[in-house]
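Chemist: pasting a predicted model and its sequence here:
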Amino acid sequence: MKKILFPTDFSEVANNAFIHALEFAKLVNGELVLLHTFDLPIIDNQFIPDNYYTIFDSLQLAQFDMFKEEIPKLREIAQKRNLDHIKLSHKLMDGDLIYNIKNAVKEENIDFIVMGTSGATGWESFFVGSNTGTIVTTVDVPVLSVPIEAQFTKIETIGFTTRFRDKDKAALRQVIKIAKKTQANVKCLYVKTSKSDVSEATIGQWKTEFEHEPVTFSVVTSDEVKEMILDFVSHKNIDILAMITHKRNFFSELFNPSLTQKMSNISIVPVLAMHEEG
């Protein structure tokens, strides 16, 4: 069984992502670990008021009550989608979200993280200094980030951006594995810029290596890498975009509002951020 960590604040953004988390759990034969974190007030040790621990306890209790209240709503979402057989467990932690996510990944042996992201233009706060961006670059498990605008649809096409490096192959194999479970196709995109040094022989070797897999390769010549990726998502009917996070700033530039606003009718889809091997 795969274990999927689902951090939630019970907001609309998180509840939309919860649907994707359930469907993803069904796909990879996984269970969900719901994580809710909350901040307790920090008080200077020298001045602990007598009633501080009472405050601490009542805050924890209030959070716990909220947690208890929200869980049935999530179960209802699962029931409506006939996914109430997916195992759910819960974790309530106080303190910093990023710190707690890192700890939960270790403690629970997590395989994937699924989380909602919000932003004025869907992808805007996605990797731009947002929690998601930090999480993607600080944990070493794949993170599926679900923008609020991304409605769940059956996964028929998974996009994968590659630079035909040997170390991209492990991530591609993982994507193929997920695709096969839902009879989806994988469309790989390579944007060949004027600085590109990938030989035709390498591309040919990849095509041969993956010829019996449900994969097609597109090579587009352009120096506008980010525009080409967004264009690819919109015009190839991509349902999930899988990318390797080799550079944090690439993500923030890709999902920059000024870029996404320039491009009309962009499809806003979940992004599976994967880590390069080695």
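Modeler: Perfect, thanks for sending it.

Chemist: in stretch 24-44, what's buried?
Modeler: Phe24, Ala25, Lys26, Val28, Gly30, Leu32, Val33, Leu34, Leu35, His36, Thr37, Phe38 (16 or more other C-beta atoms under 10 Å). The way it works is simple: take the backbone N, C-alpha and C, and place the C-beta from them, glycine included.

Chemist: just send the residues you listed back as a markdown table, with distance to Leu97 and secondary structure too.
Modeler: Putting those into a markdown table (distance: C-beta to C-beta, whole Å; DSSP: H, G, I helix; E, B strand; the rest coil) gives the following:
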| residue | distance to Leu97 | secondary structure |
| --- | --- | --- |
| Phe24 | 20 | helix |
| Ala25 | 21 | helix |
| Lys26 | 26 | helix |
| Val28 | 24 | helix |
| Gly30 | 22 | strand |
| Leu32 | 17 | strand |
| Val33 | 15 | strand |
| Leu34 | 14 | strand |
| Leu35 | 9 | strand |
| His36 | 10 | strand |
| Thr37 | 5 | strand |
| Phe38 | 9 | strand |
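
Chemist: now, which of those sits nearest Glu69?
Modeler: For those, the closest approach to Glu69 (C-beta to C-beta) belongs to His36, at 11.6 Å.

Chemist: so Trp206 belongs to a helix, correct?
Modeler: Yes - counting by DSSP: H, G, I helix; E, B strand; the rest coil, Trp206 is located in a helix.

Chemist: before we move on, back to that, dump the buried residues of stretch 24-44 into JSON lines; add pLDDT and distance to Gln183 as well.
Modeler: Shown next, in JSON lines, are these (pLDDT from 0 to 100; distance: C-beta to C-beta, whole Å):
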{"residue": "Phe24", "pLDDT": "96", "distance to Gln183": "16"}
{"residue": "Ala25", "pLDDT": "96", "distance to Gln183": "18"}
{"residue": "Lys26", "pLDDT": "95", "distance to Gln183": "14"}
{"residue": "Val28", "pLDDT": "93", "distance to Gln183": "15"}
{"residue": "Gly30", "pLDDT": "95", "distance to Gln183": "19"}
{"residue": "Leu32", "pLDDT": "97", "distance to Gln183": "23"}
{"residue": "Val33", "pLDDT": "96", "distance to Gln183": "28"}
{"residue": "Leu34", "pLDDT": "94", "distance to Gln183": "29"}
{"residue": "Leu35", "pLDDT": "93", "distance to Gln183": "31"}
{"residue": "His36", "pLDDT": "89", "distance to Gln183": "35"}
{"residue": "Thr37", "pLDDT": "84", "distance to Gln183": "37"}
{"residue": "Phe38", "pLDDT": "77", "distance to Gln183": "41"}
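
Chemist: now render those as TSV, adding distance to His85.
Modeler: Formatted as TSV, these follow (distance: C-beta to C-beta, whole Å):
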residue	distance to His85
Phe24	15
Ala25	10
Lys26	9
Val28	15
Gly30	12
Leu32	12
Val33	16
Leu34	16
Leu35	21
His36	23
Thr37	27
Phe38	29
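
Chemist: list just the nearest of the residues you listed to Ser199.
Modeler: Val28 (34.8 Å).

Chemist: now do the same contact list for the closest one.
Modeler: Lys2, Ile4, Asp111, Phe112, Ile178, Lys181 (C-beta atoms under 8 Å, 6 or more residues apart in numbering).

Chemist: measure it to Ile178 for me?
Modeler: 7 Å (C-beta to C-beta, to the nearest Å).

Chemist: what does Leu92 give?
Modeler: Going from Leu92 to Ile178 by C-beta to C-beta gives 30 Å.

Chemist: neighbour count winner among these two?
Modeler: Ile178 (20 against 16; other C-beta atoms under 10 Å).

Chemist: that one reaches Ile158, doesn't it?
Modeler: Yes - assessed by C-beta atoms under 8 Å, Ile178 is found in contact with Ile158 at 7.0 Å.
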